[in-house]
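Engineer: Sequence plus the predicted model coming up.
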Amino acid sequence: MKELLEELTKKTAQLRLGGGIKSTESHKAKGKMTAFERISFLLDKDTDSIEIGSFAGEGLYPEDGGCPNGGAVSFLGYVMGKMCIIVAHDATVKAGANFPITVKKTLRAQEIAMENRLPIIYLVDSAGAFLPRQNEVFPDKEHFGRIFRNNAKMSSMGIPQISAIMGSCVAGGAYLPIMSDYAFIVEGTGSVFLAGSFLVKSSIGEDVDSETLGGASTHCEISGVTDNKYPNDESCLDAIKKVVDKIGGFPKADFDRKEAKEPKRKATDIYEILPQERTKPYDMKEIIDCIVDEGSFDEYKALYGQTIICGLGRVNGWAVGIVANQRLIVKTKKKEMQMGGVIYSDSADKAARFIMNCNQQKIPLVFMQDVNGFMVGSRSEHGGIIKDGAKMVNAMANSVVPKFTFLVGNSYGAGNYAMCGKAYDPRLIYAYPTAQMAVMSGTSASKTLLQVEERKLERQGKVITEEDKQNLLNEITDKYNSELSPYYAAARLWVDGVIDPAETRKIISMGIEAANHAPITERYNVGVIQT
């Protein structure tokens, strides 16, 4: 765990460099703050915050020079005592151009703001769409245009949107700040127009410089496109703070909260609890003891369906329902059994009932994943594992209370789905450095893929030696294992980031506080469930 955390720390520090030292120096020479500096300036001092979408883009687009951190920075945090979402383009990465992953990251930030009815702040410094990949960012439902659709939707929902144009803002990207409730601009560096001076020259033959075309004076004094201009980044960010300071309150979801207590065990004890070898058993209840307020956890059906732990507790005073996979060796009257993170019929049935209870009682849900999938074999099939698994998925998918998911260890196959993977709309989803996500484990997948490749080569009339088989297996295993990495998942925004396990409690607490801004208006209805 120490090595994994050192790797996490090193990778996180690398994110702060954006597009690199030279690019950052050039950016700051223009009198501009970096994306991280702008967000830090906005956030209240000595308060907690959560980065959203960290490691997005890692390893993607190597032929285009990469897109570190997705070319944008996003945080959930407090501005003037109010919880907000902040999105800042990172102009040190390809001038802040929008790659496909940049668009996906921006949409994720907007989704969190919409789900939780949170004010959102956009710090715009972008050259628009990355043209070499325009076919991947332009026309589809989840592409660039969806950002402006969300602008309009949030406006109709009454969610405050505040924008600051702190650099380039061109073409379709110009709609982002102008569809916001407030649009501020920095003199000298901020500019906004549908077509830049070069395109204007080539299109209609007009010679005009960028400042005259769409600078701060033009839009604040002539067009009225922007509201006010400011001499530098700091004064513009201060103006945003003043607006946020005056935003009124909204109806709450009214989730239950009592005075917080510290957990029974230190958060850092998780490092020792998780075994180095993922096949070894450990007690998930010990990890729960590191997260929940001491003395608050009450287990539900403790002696039934023991491969899933369900129970009510409190995290920093907030009431929560916890659904967690168990990997402990359990002795029963008949036999000794290693749980192995497998979901059996009885555990799926128990979890479904518990999830229904939490929805009935308006208690947010926390899912702790270390799951290999559902139990297979004739005995399980005859016992109706598919039916019971479907019952659990149905109950979880139709939940109206907010859900938060943490990938502690394995996250394989349908187990990922049943335990509220990304496809099931968790409000926040984070992975530990120990996590792995895939259809199946590396060992199982590699052997299956080897068999497929062997048959393919045999059909081609090729003779395969044992040495060839081993080399092929090694090649397949290396590729598959690289795709199991939590950073591989984070790069594609399958999770909102990779975290130090000690941050789990903070993320749950801030997540529920954010969710408390949005009253539950839907009625919980699971539809048809076979019993």
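Structural biologist: Structure received.

Engineer: what about the protein, any weak spots by pLDDT?
Structural biologist: 329-340, 376-377, 380, 382-384, 442, 527-531 (pLDDT under 70).

Engineer: Identify the residues contacting the closest residue to residue 169 other than its chain neighbours.
Structural biologist: Leaving aside its chain neighbours, residue 169 sits nearest to residue 192 (4.1 Å; criterion: C-beta to C-beta, 6 or more residues apart in numbering). Placement of C-beta: from N, CA and C, glycine included. The contact partners of residue 192, by C-beta atoms under 8 Å, 6 or more residues apart in numbering, come to 165, 169, 170, 174, 177, 178, 185, 214, 219, 225, 226.

Engineer: do residue 441 as well
Structural biologist: So residue 441 contacts 372, 410, 412 (C-beta under 8 Å, 6+ apart).

Engineer: what do you get for residue 100?
Structural biologist: 133, 136, 137, 143.

Engineer: elements contacting the helix or strand containing residue 448?
Structural biologist: Following DSSP states H and E, one finds residue 448 within helix 442-459. Contact analysis of helix 442-459 by 3 or more C-beta pairs under 8 Å, 6 or more residues apart in numbering; DSSP states H and E lists helix 466-484 as its packing neighbours.

Engineer: What residues sit buried inside the helix it packs on?
Structural biologist: Across helix 466-484, burial judged by 16 or more other C-beta atoms under 10 Å covers 472, 473, 476, 477, 480, 481, 484.

Engineer: what's it packed up against?
Structural biologist: Packed on helix 466-484, when contacts are counted by 3+ C-beta pairs under 8 Å, 6+ apart, are strand 436-438, helix 442-459.

Engineer: which secondary structure elements does the shortest one contact?
Structural biologist: Using 3+ C-beta pairs under 8 Å, 6+ apart as the contact criterion, the neighbours of strand 436-438 among helices and strands are strand 403-412, helix 466-484, helix 486-491.

Engineer: Make a markdown table out of those and add distance to residue 447.
Structural biologist: Shown next, in a markdown table, are these (distance: least, C-beta to C-beta, whole Å):
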| stretch | distance to residue 447 |
| --- | --- |
| strand 403-412 | 15 |
| helix 466-484 | 8 |
| helix 486-491 | 21 |
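
Engineer: Which one of the ones you listed lies nearest to residue 111?
Structural biologist: Closest approach to residue 111 among these is made by strand 403-412 (13.7 Å; C-beta to C-beta).

Engineer: Remind me what that closest one packs against, helices and strands.
Structural biologist: Right, strand 403-412 is packed against strand 365-371, strand 428-431, strand 436-438, helix 504-515 by 3+ C-beta pairs under 8 Å, 6+ apart.

Engineer: now what about the second one, what contacts it?
Structural biologist: Strand 428-431 is touched from outside by 50, 52, 112, 404-407, 420-422, 437, 486, 489-490, 495-499, 503-504, 507, 511, with contacts defined as C-beta under 8 Å, 6+ apart.

Engineer: one step back: out of the contacts of residue 441, who has the most neighbours?
Structural biologist: residue 410 (27 neighbours; other C-beta atoms under 10 Å).

Engineer: can I assume that one is in contact with residue 370?
Structural biologist: Yes - using C-beta atoms under 8 Å, residue 410 is in contact with residue 370, at 5.5 Å.

Engineer: Need the overlap of contacts for those two.
Structural biologist: Between them, residue 410 and residue 370 share the contacting residues residue 341, judged by C-beta under 8 Å, 6+ apart.

Engineer: Quick one: residues contacting the nearest residue to residue 28 once chain neighbours are set aside.
Structural biologist: Computed as C-beta to C-beta, 6+ apart, the closest residue to residue 28 that is not its neighbour in sequence is residue 34, at 7.1 Å. Listed by C-beta under 8 Å, 6+ apart, the contact set of residue 34 reads 18, 24, 27, 28, 90, 92.

Engineer: Residue 34 and residue 505: what is the separation?
Structural biologist: 29 Å (C-beta to C-beta, to the nearest Å).

Engineer: What of residue 465?
Structural biologist: 54 Å.
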